[in-house]
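> Below are the sequence and a predicted model for it; my questions follow.
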Amino acid sequence: MPFEPEERRPRLTPAIADVRRAVRGACSDLADGCLVLVALSGGADSLALAAATAFEAPRAGLRAGAVIVDHGLQDASAEVAERAALRAREVGLDPVRVVRVHVDPASPEGPEGAARTARYAALAAQASDLGAAAVLLAHTLDDQAETVLLGLARGSGAASLQGMAAEAGLYRRPLLGIRRATTRAFCDDARLEPWHDPQNADLSYARVRVRERALPVLEAELGPGVAEALARTAEQLREDNAAFQQMIEETIEDIVEHVEAGIAVSVSALEANPPALRGRLVRYVALAEFGVALERVHVQAVLRLVTDWRGQKPLDLPGFTAAREGALLVLRGA
């Protein structure tokens, strides 16, 4: 390891220790020699993650690099991306790649959704090309709280209120237990200068309004700890969902059978389960067989064929039809 003069080495402050510890825990199961990539924007969260990963990776026998995705949505975005790449190299990450993506502002997903889709596609492609074992994302506890609050406001159900997973396939989020203030303190303590994204102050974005207005009001009126409580809620719902998923997987094979152009589910078996599990079973079948993620209104309409059967006509749903045929609920591709 190259010698680093004492005056250049950041002292071990609580913020630096907390972020390094989080990275160490998130990567503890990776095999020696694996490559981990940090998704780096240059902001305080991802810069703290990059510096902590550069410190922890060699001590864990890992290699660490970075991918900077330039969405091309702001003036001077290329310069911002190159500056982030320079910071990555300065803290010791290698390889470091800058990838420019095209984001369609007219996408049905909206500009934020389209940018997210393009970003994850670029990260996955770079991870595949480099043979990376994991991509580290810099979402913090504050991001988790904002996600849960947005999901609650939209009435998106338990799936949305689960927030972001600490680990999901290729992606890991070491900082979900770390406050944004801690990553900023890390950068100050380590003498790192983060980029301040002007979009993070743009109140036209719902997430920014939650961050700048809604959460501060909740903290002021209800007392401190609201963000932590929302994050705990997400964790509890994720545990509940895992239990439901296990129940579904144990149940599904016994209550379904294949029919021409579709699949049939036993009405009596559905009725024997509690309402929450009935709905999840219907969602599971729709997604597994037809690739359709049903909205609640569709699930409730399908369940009325089970619990409130009065000779209704078949339902035309996105991607398939649902009909009651005797003792079976039959779903067929449209």
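It's in. Residues are numbered from 1 along each chain as shown.

> Number of residues surrounding the nearest residue to P314 once chain neighbours are set aside?
With sequence-adjacent residues excluded and distances taken as Cβ to Cβ, 6 or more residues apart in numbering, P314 is closest to A323, at 3.7 Å. Using the backbone N, CA and C atoms, a C-beta is placed for each residue, glycine as well. Other residues lying near A323 total 17 when counted by other Cβ atoms under 10 Å.

> Can you tell me how far R89 is from A269?
59 Å (Cβ to Cβ, to the nearest Å).

> still on that earlier bit, relative to whichever helix or strand the residue nearest to P314 is part of, what are the paired strands and their orientations?
Using DSSP states H and E, A323 maps to strand 320-325. Using DSSP bridges, strand 320-325 pairs in its sheet with strand 315-317 (antiparallel), strand 328-333 (antiparallel).

> those strands in the stretch 101-250 of the chain, which residues are they?
Using DSSP state E, counting those that start in this stretch, the strands of the stretch 101-250 of the chain run over 134-136, 167-168, 171-172.

> wait, isn't A190 in contact with R20?
No - between A190 and R20 there is no contact under Cβ atoms under 8 Å: 10.4 Å.

> Just give me the neighbour total for the closest residue to D143 other than its chain neighbours.
Excluding the flanking residues, the one nearest D143 by Cβ to Cβ, 6+ apart is M164, at 7.2 Å. Counted with other Cβ under 10 Å, residues neighbouring M164 total 17.

> of the strands paired with strand 320-325, which approaches E249 most closely?
Nearest to E249, of all the strands paired with strand 320-325, is strand 328-333, at 18.5 Å by Cβ to Cβ.

> Pull out the buried residues from the closest one.
328-332 (16 or more other Cβ atoms under 10 Å).

> Out of those, which comes closest to V80?
For those, the residue nearest V80 by Cβ to Cβ is L331; the value is 48.5 Å.

> From A31, how far out is that closest one?
Taken as Cβ to Cβ, the span from L331 to A31 is 43 Å.

> and if you look at V103?
Separation of V103 from A31 (Cβ to Cβ): 35 Å.

> Between these two, tell me which one has more neighbours.
Each of V103 and A31 has its neighbours counted (other Cβ under 10 Å); V103 has more, 18 against 8.

> per the record, what domains does the protein have?
Per automatic domain parsing, the structural domains of the chain span 14-232, 260-333.

> Check these for me and report the most buried one.
Of all the domains of the chain, domain 14-232 carries the top mean neighbour count, a mean of 18, counting by mean count of other Cβ atoms under 10 Å.

> how far out from the middle of the chain is that one?
Centre-to-centre, domain 14-232 and its host chain are 10 Å apart (Cα atoms, centre = their mean, to the nearest Å).

> before we move on, what about stretch 311-331?
When distances are taken as Cα atoms, centre = their mean, stretch 311-331 is centred 34 Å away from the chain's centroid.

> Figure out the length between the terminal residues of it.
Terminal residues of stretch 311-331 lie 16 Å apart, using Cα to Cα, to the nearest Å.

> what pairs with V99 across the strands?
Beta-bridge partners of V99, as defined by DSSP bridges: V69.

> Where does the prediction get shaky in the chain?
Across the chain, residues meeting the criterion (pLDDT under 70) sit at 1-10, 156-157, 159.

> can you map out the helices along it?
14-26, 44-59, 77-91, 110-130, 141-154, 158-161, 180-189, 206-209, 215-222, 226-255, 267-271, 275-290, 296-307 (DSSP state H).

> Quick one: closest of those to G319.
Nearest of the helices of the chain to G319, taken as Cβ to Cβ: helix 275-290 at 4.5 Å.

> Can you list the helices and strands that the closest one packs against?
If contacts are counted by 3 or more Cβ pairs under 8 Å, 6 or more residues apart in numbering; DSSP states H and E, helix 275-290 sits against helix 226-255, strand 262-266, helix 267-271, helix 296-307, strand 320-325, strand 328-333.
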